[in-house]
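In: Provided below for reference: sequence and predicted model.
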Amino acid sequence: MSTKSIFQTAALALAFLSTLNFQLSTVFAQGNLTPPGAPAPTMKSLDQIEPRTPISSVPFTISLSGSYYVTSNLTAGVNQSGILVAADNVTLDLNGFTLSGTGGTVGEGVSTSGPRVNIVVRNGTVRNWPGSGVNFYDSGASQTLVQNIQSISNVFTGVAVKNSSRVLDCFTVGNGTRGIVVDNECLVEHCKVSGNVYAGIGAGANSELRNNQITGNGIGLNLTGAGNIVANNMVKANADNYSMAQGNQLDLLLCEVPESIDWPARVKLAGSLNVTVSNAVTITANNVTLDLNGFTISSTFANSLNGGTAILLANASGNSDITIFNGFISGGVTYSGGYYTGPGFAYGIYYSSTPPRSVRVTGVSVSGCALDGIDLYANIYLNPGNSTIVESCTVQTTGGCGIIATAVSHSTAYLCGRSAIVADIVSDSYGYGSGTGTDGIDCSSASNCSGYSAANGDGVNCVSANNCYGFSGGAYGVYALSANNCFGQSSSGYPGIGASIAIGCFGQSSSGAGIQAGIANSCYSSGGNSAITHAYNMP
Amino acid sequence: MIHNLRFTIWLKCAVLGLLLSTINPQLSTAFAQGSLTPSGAPAPTMKTLAQIEPRTPIFSAPFTITQPGSYYLTTNLTTTVSNAIVIVVSGVSLDLNGFTISSTVANAANGGTAILLGSGLSDITIVNGHIRGGVTNNGSGVYTGSGFGSGILYDFSGNAPVNVLVSRISVSGCLDYGIFLTEGDSAVVESCTVRTIGSYGIYASTIKQSVAVDCGNLALGGDQVSGCWGQCSGSGIGVSGYTVQNCDGWSYSGDGISANTALNCYGVSNGTGSTGNGLRAYTAENCDGFSYSGNGVNAGFVAVGCVGSTQSGGTGLRAGVATSCYSSTGDGGIANKYNMP
């Protein structure tokens, strides 16, 4: 190939490639020399760089709408205020600086004059004012926003806003009345409020308070009106955590005990809680759902007989519409030598006066109580009962009864000083009573149950027993008006089964009759049929 | 020539290199500090709120559910008008989330229903919360007050719902019905409590582990009822079903329990002067019944291992065939008796 043909080939190749990728051509050029346009200013004016109005001294009155910022820490004189907003549509940036009062009897950190609208203050500290740190309340301003403000040690309120306003990401501490007070239709969120003398956060009506931390105040949450929504606030270690009017929508985190639930609410444990005084959670309201959230309520009260109740239903007229679920109640009572002693609670779940109605307890474990584990009242046999359900619960080591309710299912009550399970209806459950005269299961109708009485109670004592097993150390294993497909054992002189009618049953006794019955059909009695008045279809 | 040959080789290498660089720009980085080329387009690393809680919140009432999906309450709801939540579409799960639905309608006769199901719905689940009205019983079986007419009910002008589950709901203080679904199909009510209802307490295909107390009419009615307690304050039935097992039923002057088949049940009708049956069934096994002056146990066909008794007059146990039974008034009400005295 000649040199010319080589160059031709290379030129053709480059030309071809340049059509594929236009950037290749710039590899060999110096760039475009044509000016892009006419010369233009390249600098900015000071107004362009900082268009806002500086505030460099107090007292200062904002009389025109606009955006303002503070240029340094500023301190007012005695009985002077800081910044007064006397116009609508104002944004004030404290710019990270502090506005301080010096004392006297009057003077607000940042305040409004008249019913201003659309006022914003953010990003700084207000402290030591004779009045309030931020006061948009008294003048009737609305649609205000207070954000990222620390309001500290003011004689009156930390932050006060009127209707349709927001207080966000603020820190108010050590103020003379309230940390934050809002009126109606306001939002308070992500604020930390502590050590305020009268209350942490106060609200009128129809406001929303979410995700705040409220500790160490006089009253934690102080709602004077109705229609507020309260959710996920940490309210703890206040002299009184809650003072709230009725008619609010409450989704409360239970951060400490003792606590009283006096309003319809959904309440969820924030963690395991211990009480050192009598009663942990007292519910006086109706329509309360208490989610133990997988956590434990415990007590270290020295004498459990005076230790009150872990969850007490204390409505004088009888609580109604109560749900308790998913967690543990733990006392320190143990059983030894026939006695139940130790610290903790007297009762796990109990009522104080009138029996409760429409109560459901699910998935709760109770242990170590001096008296009853779960006692919701039962009025068995001929009397109309109540409307309480206990399901999937476990109770262990209680000096009194294990479970008392209208209907009990899929539950166990073990080592109880009195009858382990007392109910109208019991199914798929196990009860173990240890004391004198203590039945394992005492009910109207029992099905698929096991009852055990270590002393002289009956293993299962009911009107109708079906598919049950009962054992007693000193009385009947199964004692029923009618017993079907049951197995009763007694290690005493009592029969294994005592029934008006027994069908398909097996009774066994150490020194008594296996079965004692008016009619026994297709049964087997370990000691013969002498205690059976009428025996059919059996040896 | 040699020069030209070297130039030719260099040129070919340069052309080849340029060509390759247009084909695979990463080749040149094989020997550098590592690839600076992003492995791909930036992708989100956070979860959206919809991914964290895909269900639809309900903030206020009245509220109508018009799209299939999963819904939950974020707060207690109070309605000032008839009906709080209306479901008009199939395929809905509604979690009351432990909250309460209530009504301030002054007269419950105008209060509608807390959760109303439209006609002919299917695949509906309602769980975990309370429904509360203001109706009370004056002690004589007269129910009046504020709030809801019913707790959970379907549109009577249309068809009953199917594939319905209502679980862990309490209903109280309603003028008409507590939880009224359908029999004979696929409606399940479990672990519910109903109290102070002017008419029916719970009505569904299958009812289990539930309680209905202080109902003006039928307290519990279903195809299969088990582990339940029903109490009627008037002349209605305490517990009614084709198959009733391990239940207690109480009625002031009606039947305590009424069933085709009753197993291990206890029925009472002991209002003063009541002539209702304590327990009435075609076949009753291991059941007990008590009546003030009616039939303690009234087994139309067969009673096995049953005990019937009365307080004043009446018949302890009435049966076509009684096997191993006992009647407090003697055997006069038994047509054929076996294995009993």
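Out: Received, thanks. Numbers count the residues shown, from 1 in each chain, chains lettered A, B, ... in the order given.

In: what's the helix or strand for the closest residue to A:N306 other than its chain neighbours?
Out: Closest residue to A:N306 in three dimensions, ignoring its sequence neighbours and counting by CB to CB, 6 or more residues apart in numbering or on different chains: A:S278, at 6.3 Å. Just so you know, the C-beta spots here come from the backbone N, C-alpha and C atoms, and that holds for glycine as well. For A:S278, there is no helix or strand it lies in under DSSP states H and E.

In: do you know how far A:S278 is from A:N238?
Out: Separation of A:S278 from A:N238 (CB to CB, to the nearest Å): 20 Å.

In: and these two? which has more neighbours close in?
Out: Shown here are A:S278 and A:N238; by other CB atoms under 10 Å in any protein chain shown, A:N238 has more neighbours (24 against 17).

In: how near is the residue nearest the centre of chain B to B:G118?
Out: The centroid of chain B falls nearest to B:V166 when counting by CA atoms, centre = their mean (1.3 Å). Using CB to CB, one obtains 16 Å as the distance from B:V166 to B:G118.

In: next one: B:L153
Out: Computed as CB to CB, the B:L153 to B:G118 distance reads 11 Å.

In: of the two, who's got more company?
Out: B:L153 (25 against 20).

In: In chain A, what residue spans correspond to helices?
Out: A:3-20, A:46-49 (DSSP state H).

In: Out of those helices, which gets the lowest mean score?
Out: The minimum mean pLDDT among the helices of chain A belongs to helix A:3-20 (a mean of 51).

In: and B:P42, how many neighbours does it have?
Out: Using other CB under 10 Å, the number of residues around B:P42 comes to 6.

In: How about B:V162?
Out: A count of nearby residues for B:V162, using other CB under 10 Å, gives 17.

In: Quickly list what it is bridged to.
Out: When assigned by DSSP bridges, B:V162 has beta-bridge partners B:S122.

In: so who does it touch?
Out: Listed by CB atoms under 8 Å, 6 or more residues apart in numbering or on different chains, the contact partners of B:V162 are B:121-122, B:182, B:185-187.

In: of those, buried ones?
Out: Buried by 16 or more other CB atoms under 10 Å in any protein chain shown: B:121, B:182, B:185-187, out of the contacts of B:V162.

In: Can you list the low-confidence ranges for the stretch 1-150 of chain A?
Out: A:1-31 (pLDDT under 70).

In: Touching, A:G327 and A:S298? I think so.
Out: No: A:G327 is not in contact with A:S298 according to CB atoms under 8 Å; the separation is 10.9 Å.

In: Look at these two and report which has more neighbours.
Out: Counting neighbours by other CB under 10 Å for A:G327 and for A:S298 shows that A:S298 has the greater number, 23 against 20.

In: Bridged to the more buried one, which residues?
Out: The partner residues for A:S298, given DSSP bridges, come to A:N274, A:S330.

In: Is it correct that it is in contact with A:G344?
Out: Yes: if you go by CB under 8 Å, A:S298 and A:G344 touch, sitting 7.2 Å apart.

In: any shared contact partners between those two?
Out: Counting by CB under 8 Å, 6+ apart, the shared contacts of A:S298 and A:G344 are A:330-331.

In: Can you say which helix or strand has B:T75 in it?
Out: Secondary structure (DSSP H and E) places B:T75 outside all helices and strands.

In: What residues does the stretch 101-250 of chain B have near chain A?
Out: Contact residues (CB under 8 Å from any CB of the partner chain) of the stretch 101-250 of chain B with chain A: B:102, B:128-130, B:132, B:168, B:170-172, B:191, B:193-195, B:209-214, B:226-229, B:231, B:245-248, B:250.

In: Which ones among these lie within strands?
Out: If you go by DSSP state E, these have B:102, B:128-130, B:132, B:168, B:170-172, B:193-195, B:211-214, B:226, B:229, B:231, B:245, B:248, B:250 in strands.

In: for the record, mean pLDDT for stretch A:282-289?
Out: 96.

In: For residue 116, grab the count of nearby residues.
Out: Picked chain A for this. 24.

In: sorry, should have said chain B
Out: Neighbour count of B:L116, defined by other CB under 10 Å: 22.

In: what do you get for the one 4 residues further on?
Out: The burial count assigned to B:G120 is 13, neighbours taken as other CB under 10 Å.
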